[in-house]
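Colleague: Sequence first, predicted model second:
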Amino acid sequence: MALDRQRIVAEAVALLDAEGLDGVTTRKLAARLGVQSPTLYWHLPNKAALVTAIADAILDQEFGDMSAPEPDQHWQDWLAGLAGRLRRALLAHPDGARVVSAAQLSHTMTAISELAMSTLVARGVPLRRARVIVLTVERFTVGHVLEEQAPRPDAEALKDFDMAAFGERHPTVVAAIAEYFRPGRTVDDLFRECLEVVIEGAAVMAGADRRE
């Protein structure tokens, strides 16, 4: 099979799924493709270009099609749905959030931002406010997934951890965690509710801008 950029990126995504971002090296990728590392540079000149190509590939799996909201759909609901799709795209691959946050000039991420900002502007949100709202929602989503995908503490890290003492020092934090994650409530609910706070606050500020 001829070696082209599409095949390289597809194999890089497979390597990401197998070993995480730290395992994605040009040496390992070249070995999977049965070529020498310098051969890859004809298609992707450096590691940064490879990471960006992987980011576009994993985003394209969720954002193969994008469209503005229907005329009767509130932009707040539509933007929340867009953020949910972004989270799904990142969670679909190990270190997906790390990949996208490290990408340089991702075409797909830029297209998502363009659609979101232009949608808000079309709904009467001033351009500056639209940019801030979209960047905040995107960065909250990526940051939330970064935490979701971060390694959990292992047994060695926890061996000297005193949960009772921790609870005494931070009683409200511990109580809030226990209260929130009662049976039936998941991290999906946490993401949704945090996102609502972000977007509802943004909507209030956008409304104030229009009144000025």
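Modeller: All right, it came through fine.
Colleague: nearest spatial neighbour of Val125, skipping sequence neighbours?
Modeller: Nearest residue to Val125, sequence neighbours excluded (Cβ to Cβ, 6 or more residues apart in numbering): Ala206, at 4.6 Å. Every residue, glycine included, has its C-beta placed from N, CA and C.
Colleague: how near is that neighbour to Val13?
Modeller: Ala206 sits at a distance of 37 Å from Val13 (criterion: Cβ to Cβ, to the nearest Å).
Colleague: So which bits of the helix or strand of the chain with the lowest mean pLDDT are buried?
Modeller: Ranked by mean pLDDT, DSSP states H and E, the weakest helix or strand in the chain is helix 155-158, scoring a mean of 82. Neighbour counts over helix 155-158 (16 or more other Cβ atoms under 10 Å) mark no residue as buried.
Colleague: just checking, next helix/strand downstream of it?
Modeller: Scanning forward in sequence from helix 155-158 by DSSP states H and E, the next helix or strand is helix 163-169.
Colleague: residues of that next one that come out buried?
Modeller: For helix 163-169, a neighbour-count test (16+ other Cβ under 10 Å) marks nothing as buried.
Colleague: how far does it sit from the chain's center?
Modeller: Here helix 163-169 is found 33 Å from its chain centre; the criterion is Cα atoms, centre = their mean, to the nearest Å.
Colleague: can you check stretch 18-34 too?
Modeller: In terms of Cα atoms, centre = their mean, the gap separating the centre of stretch 18-34 from the centre of its chain is 22 Å.
Colleague: Quote the end-to-end distance of that stretch.
Modeller: Start-to-end span of stretch 18-34 (Cα to Cα, to the nearest Å) is 17 Å.
Colleague: Pull out the buried positions in it.
Modeller: Within stretch 18-34, the residues scored as buried using 16+ other Cβ under 10 Å are 20-21, 24, 26, 28-30, 33.
Colleague: Report the mean per-residue pLDDT for that stretch.
Modeller: The average pLDDT within stretch 18-34 is 94.
Colleague: same thing with stretch 180-192?
Modeller: For stretch 180-192, mean pLDDT is 94.
Colleague: What is the lengthiest helix in the chain packed up against?
Modeller: Across the chain, the longest stretch assigned as helix under DSSP state H is helix 187-211. Under the contact criterion of 3 or more Cβ pairs under 8 Å, 6 or more residues apart in numbering; DSSP states H and E, helix 187-211 touches helix 75-91, helix 127-149.
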